[in-house]
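K.L.:
Give me a 3D structure for the following:
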Amino acid sequence: MTQIGQPESATQKRVIAMFHDTLGYRYLDDWSDRPGNNCIEGDLLETWLKKRGHSHAQVIAVLHKLRTEASNPSRTLYANNQAVYGLLRYGVGVKLSASENEIPVPLIDWTHPDNNDFAIAQEVTLKGGHERRPDLVLYVNGIAIGVLELKNSRKSIGDGIRQNLSNQKPEFNAWFFSTVQFVLAGNDSEGLRYGTIGTEEKYFLQWKEDEADNDGFKLDKYLGKICRKDRLIELMRDFVLFDGGQKKLPRVHQYFGIKAAQRHVAERKGGIIWHTQGSGKSIVMVLLAKWILENNANARVAIITDRDELDKQIERVFAAAGQKIERARSGRDLMTQLGQATPRLLCSLVHKFGRRDMDDFDAFVKDMEAKPSATVGEVFVFVDECHRTQSGKLHRVMKAMMPNAVFIGFTGTPLLKKDKQTSLEVFGGYIHTY
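P.N.:
Below is the predicted model:
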């Protein structure tokens with residue numbers, strides 16, 4: 001039976017034991033009196049890199065570039081964090097002489113999570129403008145990727161969130177957060193909230209999974225879900241988004257919706273993602289498209305929306321994520337571009353597929369089906385508000401034009417009976433609902 005109301009020190013001790021005994025993290029120590037605590041622990045990263053066969057010279061070059069990007073004084077925390085994330089995600093380019101080609105040195109083994117060095121330290125004293133001491137810091141290969149503030153049950157999780165936010169201010173210890181991906185706060189009575197750097201208190205999220213399991217503390221349960229080695233690596237690799245000055249992590253329904261869609265895509269099956277309005281549909285589209293393009297070299301993604309505002313938003317979010325998206329001028333232009341090898345990522349407005357002279361719609365569709373457009377690669381088509389627009393007529397046109405494409409519909413609106421039937425006919429069954 002769980003006992004609520006334990007002192008903060010008891011909660012911290014129990015959580016550390018859970019990370020060590022259940023999740024398999026190394027316990028580094030109490031670092032309250034340790035000098036020189038840093039978000040990049042060079043000795044730990046050097047040890048990991050050398051175990052993977054990198055030379056001393058390569059390691060020195062990696063550490064220099066990583067530290068330079070993490071501590072650029074002319075940039076904001078957001079910009080430094082984004083630069084560091086690029087190195088975490090894609091490796092550090094190292095060139096030791098003019099005659100050598102630059103090689104990427106990975107900082108994280110994304111493919112085999114257990115090959116990484118997961119570790120946890122407590123009471124990590126940070127020397128800055130004002131000294132602070134985060135309760136727990138999570139390290140992967142010596143790089144601080146998570147900060148956790150714990151409170152006793154008589155204090156609100158909000159206190160822990162505000163403490164994390166205060167620590168990120170320039171006059172405190174913003175420098176330490178340049179590598180951090182997860183900002184966490186919790187206690188035994190309320191459980192756990194998570195965000196990332198710069199996340200406002202009101203936008204901190206709650207993870208929900210296996211809700212029927214009420215054994216133990218919810219704090220431990222959800223830390224175990226998020227910080228499990230393979231899950232933590234996956235969240236960092238596929239679910240981090242830099243969006244116009246805001247860094248974002250997925251809400252739990254976005255995570256599971258994308259995971260379900262990944263399974264459908266791998267089997268070349270379409271379907272509908274039905275998430276309620278305001279649930280962050282554009283983020284799901286962006287993260288899923290990025291995953292498809294990265295994991296399938298032959299893939300092309302076309303995103304079809306029915307609002308110019310959303311079309312521009314998707315273009316902006318992809319640009320902020322470092323991926324260029326080509327906006328098609330018309331349905332014909334989209335098909336022309338899909339008939340070529342590039343670009344791999346496109347967007348268009350659905351009404352551009354219409355024709356003013358479609359008096360006999362069924363005959364027009366039959367004509368399209370008889371002479372489908374030639375496309376290069378494996379085409380995945382995302383259709384926003386898939387129940388709308390002439391009861392699916394234009395969607396039928398798209399399917400006729402691209403019979404081999406995989407269609408994934410997105411909607412945030414309850415489907416009327418007629419719309420539901422039409423949408424399921426065009427796209428297939430439900431991928432995920434929320």
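K.L.:
Only C-alpha atoms from now on, for both contacts and neighbour counts.
P.N.:
Will do.
K.L.:
distance of the closest residue to V15 other than its chain neighbours from H432?
P.N.:
Nearest non-adjacent residue to V15, counting by Cα to Cα, 6 or more residues apart in numbering: D220, 6.6 Å away. According to Cα to Cα, to the nearest Å, D220 and H432 sit 27 Å apart.
K.L.:
My read is that E8 contacts L150, right?
P.N.:
Yes. E8 is within contact range of L150, at 6.8 Å (criterion: Cα atoms under 8 Å).
K.L.:
higher neighbour count, the two?
P.N.:
More neighbours surround L150 than the other of E8 and L150, with 26 against 18 (other Cα atoms under 10 Å).
K.L.:
where are the low-confidence patches of the stretch 301-434 of the chain?
P.N.:
Within the stretch 301-434 of the chain, the ranges that satisfy pLDDT under 70 run 353-365, 367-371, 386-392, 413-423, 425.
K.L.:
So which residues of it form strands?
P.N.:
326-327, 345-349, 378-384, 406-411, 430-433 (DSSP state E, counting those that start in this stretch).
K.L.:
quick one: the helices in the stretch 1-150 of the chain?
P.N.:
8-21, 42-51, 56-70, 77-90 (DSSP state H, counting those that start in this stretch).
K.L.:
Kindly reformat those as JSON lines containing mean pLDDT.
P.N.:
Shown next, in JSON lines, are these (pLDDT from 0 to 100):
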{"stretch": "helix 8-21", "mean pLDDT": "96"}
{"stretch": "helix 42-51", "mean pLDDT": "98"}
{"stretch": "helix 56-70", "mean pLDDT": "97"}
{"stretch": "helix 77-90", "mean pLDDT": "97"}
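K.L.:
Highest mean neighbour count across these, which stretch is it?
P.N.:
helix 77-90 (a mean of 20; mean count of other Cα atoms under 10 Å).
K.L.:
Which residues does it contact?
P.N.:
66, 69-72, 104, 106-108, 174-175, 177-180, 197-198, 237, 242, 245-247 (Cα atoms under 8 Å, 6 or more residues apart in numbering).
K.L.:
same check, this time on stretch 140-148
P.N.:
38-45, 48, 107-108, 116-119, 134-139, 164, 179-186.
K.L.:
Filter these down to the buried ones.
P.N.:
Burial by neighbour count, judged by 16 or more other Cα atoms under 10 Å, picks out 38-42, 44-45, 48, 107-108, 116-119, 134-139, 164, 179-186 from the contacts of stretch 140-148.
K.L.:
Can you give me the domain boundaries for the chain?
P.N.:
Domain ranges of the chain: 8-238, 250-433, per automatic domain parsing.
K.L.:
Using a markdown table, lay out the helices of the stretch 1-150 of the chain together with distance to Q254.
P.N.:
Formatted as a markdown table, those follow (distance: least, Cα to Cα, whole Å):
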| stretch | distance to Q254 |
| --- | --- |
| helix 8-21 | 26 |
| helix 42-51 | 32 |
| helix 56-70 | 29 |
| helix 77-90 | 21 |
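K.L.:
SS state for R193?
P.N.:
With DSSP: H, G, I helix; E, B strand; the rest coil as the basis, R193 sits in strand.
K.L.:
Let me see the contact set for the residue nearest to E171 when sequence neighbours are not counted.
P.N.:
In space, E171 comes closest to G129 once its chain neighbours are excluded; the distance is 5.3 Å by Cα to Cα, 6+ apart. Neighbouring residues of G129 by Cα under 8 Å, 6+ apart: 171-173.
K.L.:
try C39
P.N.:
142-144, 176-180.
K.L.:
re earlier: out of the contacts of G129, which end up buried?
P.N.:
172-173.
K.L.:
now, among the contacts of G129, which is nearest to D333?
P.N.:
N173 (50.5 Å; Cα to Cα).
K.L.:
what separates that closest one from G36, distance-wise?
P.N.:
For N173 relative to G36 (Cα to Cα), the value is 13 Å.
K.L.:
Between those two, which contacts overlap?
P.N.:
In contact with both N173 and G36: K127, using Cα under 8 Å, 6+ apart.
K.L.:
Tell me where the stretch 251-400 of the chain has helices.
P.N.:
252-266, 281-295, 308-320, 331-338, 361-370, 393-401.
K.L.:
Would you enumerate the residues in contact with the most centrally placed residue in the chain?
P.N.:
Geometric centre of the chain, nearest residue: F239, 1.2 Å, by Cα atoms, centre = their mean. Under the criterion of Cα under 8 Å, 6+ apart, the neighbours of F239 are 249-250, 255, 287.
K.L.:
Turn the residues you listed into JSON lines, columns for pLDDT.
P.N.:
As requested, these are arranged in JSON lines below (pLDDT from 0 to 100):
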{"residue": "L249", "pLDDT": "97"}
{"residue": "P250", "pLDDT": "95"}
{"residue": "Y255", "pLDDT": "97"}
{"residue": "L287", "pLDDT": "94"}
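K.L.:
Just send those residues back as JSON lines, with distance to H20 and neighbour count too.
P.N.:
Output for the contacts of F239, formatted as JSON lines (distance: Cα to Cα, whole Å; neighbours: other Cα atoms under 10 Å):
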{"residue": "L249", "distance to H20": "25", "neighbour count": "24"}
{"residue": "P250", "distance to H20": "26", "neighbour count": "21"}
{"residue": "Y255", "distance to H20": "26", "neighbour count": "18"}
{"residue": "L287", "distance to H20": "31", "neighbour count": "20"}
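K.L.:
any idea how far V183 is from the residue lying closest to R251 once chain neighbours are set aside?
P.N.:
Nearest non-adjacent residue to R251, counting by Cα to Cα, 6+ apart: L205, 6.6 Å away. The gap separating L205 from V183 is 11 Å, by Cα to Cα.
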